[in-house]
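In: okay, predicted coordinates and the sequence, questions at the end:
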Amino acid sequence: MPFVDFMQSPFGRTLRVGIGLVLIILGLFTVGGALGIVLAVVGLVPLVAAVMGVCILGPLFGADFHGYIRTR
């Protein structure tokens with residue numbers, strides 16, 4: 001799957017880290033309040049997934065969480 005392959009590439013992982021950091025910074029320092037905290041928590045998802053080397057959207061595209069295509 002091209003999308004999963006891209007997200008598992010070094011550039012895709014770097015992009016996910018960057019997006020996660022931007023969402024966290026926007027949530028905590030720009031938006032503020034309860035909505036800012038929610039935005040920061042949402043930003044943790046791509047950040048942690050990229051650091052751990054998983055793709056949470058992989059199963060939607062026929063791959064597992066690590067980006068490998070399922071054989072079954």
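Out: Happy to help now that I have it.
In: just the helices in the chain please.
Out: Per DSSP state H, the chain carries helices over the ranges 2-8, 10-25, 33-52.
In: wait, which of those is closest to residue 62?
Out: helix 2-8 (8.2 Å; Cβ to Cβ). Bear in mind the C-beta positions are built from the backbone N, C-alpha and C, glycine included.
In: would you list the helices of the chain in a markdown table and tack on mean neighbour count?
Out: Shown next, in a markdown table, are the helices of the chain (neighbours: other Cβ atoms under 10 Å):
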| stretch | mean neighbour count |
| --- | --- |
| helix 2-8 | 17 |
| helix 10-25 | 15 |
| helix 33-52 | 15 |
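In: would you mind giving those helices as CSV with distance to residue 60 added?
Out: Below are these laid out as CSV (distance: least, Cβ to Cβ, whole Å):
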stretch, distance to residue 60
helix 2-8, 9
helix 10-25, 16
helix 33-52, 14
